[in-house]
Structure formats: structure tokens, C-alpha cells
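Undergrad: Could you work out the structure for the sequence below:
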Amino acid sequence: MRKPLAFALIVITLPMWSFCQQSAIDSLKQILFSSKADTEKVVLLCKCCDEYLYLGSNNDSANACAERALHLAKAANFQKGIAKSLISMAKVSRRKDDYATAVQHTLEALKIAERMAD
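TA: Take a look at the predicted model:
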């Protein structure tokens, strides 16, 4: 009796869980559009990338967020943002099974992090 009840509960709540995740992305986008500082936009874009990857449905949107974050971080010379963006790009590459590129982005981020520690 418990197994059918548990299964029914999962089936009923699964669409709501997915909707909540999409609303998290929508909320991040609203904050992003109202944000003025490029450094804040970089952090928000990286979070959007993570949310898209968490949903597992749209690697292209995740990649677009990561690339835009990297562009903004480089334009603002925001080293921590560059490293975060590279890590986000590595996550996207890993999701696409492009492990060589993922390692390359991770090593670039590591070099920046080591320079920042000086």
C-alpha cells in the first residue's frame, strides 16, 4: 500500500519541482536585468548557468550565460569573475562530454586563483 502511495506522491510533485526550478532562473534573470554593476552581473550569470545545468535541459543557454559572464568579467578586469566564469564554462563542457575543454577551462581558472592568492 505504501509503494503506490509514494509513487503517486512523486508523480504529483515532480512537475511542481520542475516549475520551481524554472522560476529560480526567471528570478535570477529579473535581478540580472535590474543590476547595474558588471561584477554583480557576472556572479548572477554564473548562477544562471548553474541553474540551467541543474535542470539538465538547456546546455546552450548555460553556455551562453557562462560566455557572457566571461566577457563581462574580462571587460571589467574582475579576476574572481573570470575564474568563476571559466569554472562555469568547464561545467558546461563536462556536461557536453568535452572533457579536454573542461580541463583546460579549469586549469585556466586555477592559474587565476593562484595569482589572486599572492
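Undergrad: From here on, just use CA atoms for contacts and neighbour counts.
TA: OK.
Undergrad: Can you tell me how far Ser23 is from Tyr52?
TA: Ser23 is 11 Å from Tyr52, where distance means Cα to Cα, to the nearest Å.
Undergrad: got it, and Thr106?
TA: Per Cα to Cα, Thr106 is found 19 Å from Tyr52.
Undergrad: Would you mind naming the helix or strand containing Asn63?
TA: helix 59-75 (DSSP states H and E).
Undergrad: per-residue confidence averaged over that helix?
TA: Averaged across helix 59-75, pLDDT comes to 92.
Undergrad: same for that helix, what does it pack against?
TA: Packed against helix 59-75 by the contact rule (3 or more Cα pairs under 8 Å, 6 or more residues apart in numbering; DSSP states H and E) you find helix 38-55, helix 79-95.
Undergrad: So which of the ones you listed is nearest Glu67?
TA: Among the helices and strands packed on helix 59-75, helix 79-95 comes nearest to Glu67, with 7.1 Å by Cα to Cα.
Undergrad: Please work out the average pLDDT along that closest one.
TA: For helix 79-95, the mean confidence score works out to 95.
Undergrad: Helix or strand next in line after that helix, which one?
TA: Next in sequence after helix 79-95, counting helices and strands by DSSP H and E, comes helix 99-117.
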